[in-house]
Structure formats: C-alpha cells, structure tokens
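>>> Return atomic coordinates for the entry below.
(one chain, ligands or ions: 1)
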Amino acid sequence: MIRIVVIMAKIKEKQQFQIELAKYLAEKDFVYGPEPELYDPVAGFYSYGLLGKAMKNNVEAAIRDVFTKNNFFEVEMPIITPEVVWKASGHLDGFNDPVVICSKCKASFRADKLIEENTEIAADSYSDEQLIEAFKEHEIKCPTCKGRFELEIKRHSLMMKTKIGADTVAYSRPETATTTYLPFKRYSQFFRGKLPFTVFQIGKAFRNEISPRQHLLRQREFTQAEAQIFISKEQKQKFDPFLEIENEKLPLWTEALQKAEKKPELISLKDALKKKYLKNQAYAWSINLAYKIFLSVGIPKERIRLRQHHADEKAFYADDAWDLEVELNSFGWTECCGVHDRTTYDLTQHAKFSKQDLSIRLESGEKIVPDVIEIAFGVDRPFFSLLDIAFFRRDDAKRTVLSLPANIAPMQIGLLPLLKKDGLPEKALEIKKEIEKQFRVYYDASGSIGKRYSRLDAVGVPYCITVDHDSLKDESVTVRERDSLKQVRIPIKELTQKLGQYFEEGFE
Ligand SMILES: [Zn+2]
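So this is what the prediction gives:
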C-alpha cells in the first residue's frame, strides 16, 4: 500500500513537471503545440519555434559531426515511398501497437503506455494476455472520462497512408533506416565493394500513433538520425576501430542485472566482450559511438545508461539490441537511442521483393549478403532531454537560468550596449560585425541591463558582452558567463579568440 502511494506521488510530480516544462518551452519559443494552435490542435504534432529550431540545428550539427568524423557518409532519401518497400521491410504487416477502447467514451489508447503511466512498469514487450491482466490488476481507467476499458486488445497500424498521383498507394516512411538500405548497389560501387560501408541519414519520419501524450517524445511526425554499418560476419568479430576504444567504460545494464534489480555496471568494452555482455567488436564500437553522441550534445553521464533488450523484446531478426536511456524529470528513464544488429534481414528482404542481387563478393571470393548494425534515434529526444534537465535546475536563488550546453544553446552570445545613447550602440554594432563571423550573436539594446540579462539567462545564452562608457576609452568590454555570473574585462581585439577558447574549453 505504501509502495502504491509513493508511486502515485512520483507519477503526480512528474506530470506536474511535464505541464510546467511544456508551458515554459512554448512561452520561451522553443516548442509550440500541439499544432495547429490557431485552430483545433491535433495531438502528436509540434513546431520548433524561434529559438527551438536554432537549438535543434545545433543538436543535429553535433550528431552529424560525430558521424562524419567516424567516416559515415550522409544521404537523404524521399519521405514518400511506394507500398512495396514496406511490404518488403515487414512494416505493413507487423508495425502496429496494442490498443484498448474505453467502453464509456469510446476513446482509444495505447495499452502498454497506459500501464506504464499508471504503474511505472515497462509493458512494451507484454503479450495481449499480459496487457489485459495488468489492466485488471491495476484497475486502470480511461484518462479522459474515468470509464472502464473493454478488455480486448486491438491492433493499430502505425503506417501513415497517402497517395501518389491518382491512385498509387504509398506511405510516409515510419523510419529513415529502410530508405537508407535501398541504394545498396550504389554504395557498393562507391566503396568499391569493400566492407564496411558506413552511411547515415537525418530526416523526418511518421508514425500514426493512437493517442500520443508525451510531448516531443511521442510525435506523429518526428526527426530521426539513423546510421547503418554494412559489414561482414568476420569483420564484426575483428573490427580495427574497436582497438582504439576498447578501454572506454560504459554503464551497461544487462538483462541479468535488470532481473536482479541491480544497478548498471560501469565496465570497459574489452571486459564487456570477455564477459559476453556484448557479442562482437563492431557492435561494441557502435554502442560506444551512440554513447559518445549523447555526451557530445551535452547529456550528463550520470543520466545515461545502456539497457540490454530482453530476449522477448527483440525484433525476431535482431541478433543483439540495446537501448540508450536517459533519466528525465518529466518521464523517468526514457529510451532515446537503439543500437540493433539487424543481421542480413533487410537486404535479404529487399533482394527478394526487388528480384535484384544485393550481395557482394568478398576478397576471398565468397559471395555474401552483409549484416547491418544500426544506431537509431529520434533527434527530438536528446533535444527534449537537454531542456528537461536544464529546466529542472532552472531556479537559482535569485533568477531563472537554463544551463544549456554552450555549443547547443540557441543563441551563443548576447551583445548589450549599456545605454541606447552616447555612441554605445554604434560601438556595439562595430563589435558585432567582427564577432558574428564566428558566433551567432543576438543584439539587444532595449530595457535595463538587469532585465536584458535575465531574459537571456532564461533561454540559456551562455555569454553576454556589455559595451559601456569605458569601452569607448579603453577598447575593452565586459564578458559575463551565464552560470557562474563571473565577469571578465577583455580587450575588443582579443574578443573572438577568447570567446572561441570559452566555447572550446569552458570559462576560466
Ligand atoms: Zn473514456
């Protein structure tokens, strides 16, 4: 009984945080919606606002940077795709969610999500029987009208159907990955037949969710970043880039640790292979790359864990699957990225349906269909995570401040003339011309200096430059750091170099 009360209190606290966060993000121009706000909003559709879009671009740039530095090539494929592609991939037949219908108001909801929201138990791998059992046991009621549910699970397809021309059935892609596989023969030529081929795509995907109620985490239209490694079985075992990172440590939460209700184990990749937590070097390297991406966008280490999928949770073709989870204040531990060994499944399916040869010849002369290891995530999730974490810590004793990572914050530098006269704006604009060659600068001359500081703190601007009367005499300005509130006086001619240093190495 006490346990239930504690869980209910925790759920309430999270829900309250979700509401406050969503309100803040809309008011501060990060995320608007559900859209269209002007008419009748539809759940699961959000806009990135005047500051949110800039920040999302920065998140994508950080992701792109990690992939390209690790030899991945970026592609961009059409979103609308003919039916046959999704028959081949298996999505048309198998990509659906379990749904329950309220017997009173007839609204439908995703069964596993309702269980999760009411009990904090992850139910996404439950069978239909287990779902019904959980509904009975926890007496889950309709969130809209408090009515009872019909105890029957229906299947709801997540595919968004559309039409090409007059009558050709097509779908908006539910993931980017499948579309990345299609030009395999082109890749094969480009890489001159030498595996591994490494390719990634960042772009929109669509899922016709039944009742999305988790803000940016569950949208009907969202942005994915998915990287694919086409590789042979031998290369998976002996993967040279692995040697450079084999001593790096990751918080691995194996199936055994989960069952024993123990914490993740911080373990080197080398030892994780020895203990057979991970199956091969290439997979270990991929999981480390996913971890690096989340660190590089600025998610704190202590909020990340890597959770191994249970045997019954994996896709039937997957050889290995782990999720990278981030601990959020609004939704608890949340899946933000998946690393999947998809084996030869996709290429085999597309070879079969297209009646084309999607194999390649190894140097040994042997002909094979390559395996695929995939690093897949929605860009919206690290974006949302950063704001969730920054918003949680927002209240300093005297002010509201979003401590976003400096390289991800939507605006990098606030440029503020102390007064709107005495030649200070002119001096500031002169400085702007110089520093905006390297930084995104926001010029703001109106209102008291204190008010301007707090406006910029509240949206996470890491550095503010103030131009005052002394600046006209000594050719120096004051730079103020957002979190520590420390101020330093810097000669204007050294400004670009100093700021570059702050963004690289942090504030002295
Ligand atoms: Zn109802």
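>>> and Lys421, how many neighbours?
Lys421 has 9 neighbours, counted by other Cβ atoms under 10 Å. Using the backbone N, CA and C atoms, a C-beta is placed for each residue, glycine as well.
>>> Confirm that it lies within a helix, as I assumed.
No: secondary structure of Lys421 (DSSP: H, G, I helix; E, B strand; the rest coil): coil, not part of a helix.
>>> Could you tell me the per-residue confidence at it?
Lys421 carries a pLDDT value of 93.
>>> how much space between Gln349 and Gly94?
Per Cβ to Cβ, to the nearest Å, Gln349 is found 12 Å from Gly94.
>>> which of these two has more neighbours?
A count of neighbours by other Cβ under 10 Å puts Gln349 above the other of Gln349 and Gly94, at 19 against 11.
>>> residues from this protein in reach of the ion?
102, 104-105, 107, 142, 144-145, 147 (Cβ under 5 Å from the ion).
>>> residue nearest the centroid of this protein?
The centre of the chain sits closest to Arg381, judged by Cα atoms, centre = their mean, with a distance of 3.1 Å.
>>> Where does the closest residue to that one other than its chain neighbours sit: helix, strand or coil?
Leaving out its chain neighbours, the residue that sits closest to Arg381 by Cβ to Cβ, 6 or more residues apart in numbering is Cys336, at 4.2 Å. Three-state assignment for Cys336 (three-state DSSP): strand.
>>> Can you check the pLDDT for Cys336?
97.
>>> What of Thr254?
Here the pLDDT value assigned to Thr254 is 96.
>>> Over to the residue of the stretch 251-400 of the chain found nearest the ion: give its phi and psi.
Residue nearest to the ion within the stretch 251-400 of the chain: Phe331 (22.8 Å; Cβ to the ion). Taking degrees, to the nearest 10, you get phi -130, psi 10 for the backbone angles of Phe331.
>>> count of residues packed around it?
21.
>>> Could you do Pro82 as well?
Pro82: 13 surrounding residues under other Cβ under 10 Å.
>>> That one is in contact with Ser172, isn't it?
No: using Cβ atoms under 8 Å, Pro82 is not in contact with Ser172; the gap is 11.8 Å.
>>> what's the single longest helix in the chain?
helix 2-27 (DSSP state H).
>>> how distant is that helix from the center of its chain?
Centroid displacement of helix 2-27 relative to its chain, using Cα atoms, centre = their mean, to the nearest Å, is 21 Å.
>>> What are the buried residues along that helix?
11, 14, 17-18, 21-22, 24-26 (16 or more other Cβ atoms under 10 Å).
>>> Provide the contact partners of the strand or helix carrying the residue nearest to the centre of the chain at residue level.
In the assignment (DSSP states H and E), Arg381 maps to helix 380-392. Taking contacts as Cβ atoms under 8 Å, 6 or more residues apart in numbering, the residues outside helix 380-392 that touch it are 17, 20-21, 24-25, 30, 52, 55-56, 59, 63, 215-217, 219, 222-223, 293-294, 297-300, 303, 326, 328-330, 334, 336-337, 402-405, 408, 460.
>>> Start from the N-terminal end of the stretch 151-300 of the chain and give the helices.
177-181, 184-190, 233-237, 255-259, 269-274, 281-296 (DSSP state H, counting those that start in this stretch).
>>> Partner strands of the following helix or strand past the longest helix of the chain and their direction?
Following helix 2-27 in sequence order, the next helix or strand is strand 31-32 (DSSP H and E). When sheet partners are counted by DSSP bridges, strand 31-32 sits next to strand 47-48 (antiparallel).
>>> For the following helix or strand past the strand it pairs with, output the C-alpha coordinates as CSV.
With elements assigned by DSSP H and E, the helix or strand that comes after strand 47-48 is helix 52-69. Extracted in CSV, the C-alpha atoms of helix 52-69 (Å, rounded to 0.1, in the frame of the first residue of the first chain):
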residue,chain,number,x,y,z
GLY,A,52,13.9,25.8,-30.7
LYS,A,53,14.7,25.4,-34.3
ALA,A,54,18.1,27.1,-33.9
MET,A,55,18.8,24.7,-31.0
LYS,A,56,17.6,21.7,-32.9
ASN,A,57,20.0,22.6,-35.7
ASN,A,58,22.8,22.7,-33.2
VAL,A,59,21.9,19.2,-31.9
GLU,A,60,21.8,17.9,-35.4
ALA,A,61,25.1,19.5,-36.2
ALA,A,62,26.7,17.8,-33.2
ILE,A,63,25.3,14.4,-34.3
ARG,A,64,26.4,15.0,-37.8
ASP,A,65,29.9,15.9,-36.6
VAL,A,66,30.4,12.7,-34.7
PHE,A,67,29.1,10.5,-37.6
THR,A,68,31.2,12.2,-40.3
LYS,A,69,34.4,12.2,-38.1
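>>> Could you list the residues in contact with the helix or strand just after helix 52-69?
Using DSSP H and E, the next helix or strand after helix 52-69 towards the C-terminus is strand 73-75. By Cβ under 8 Å, 6+ apart, the residues outside strand 73-75 that reach it are 64, 67-68, 180, 183, 190, 198-202.
>>> cool, and stretch 103-117?
The contact list for stretch 103-117 (Cβ under 8 Å, 6+ apart) reads 11, 97-102, 121-124, 126, 131, 134-135, 138, 140, 142-145, 147-150, 153-154, 156, 209-211, 213-214, 218.
>>> and those, which are buried?
11, 97-102, 122-123, 126, 131, 134-135, 140, 142, 149, 153, 156, 209-211, 213-214, 218.
>>> Show only the entries of the residues you listed found in strands.
97-101, 156 (DSSP state E).
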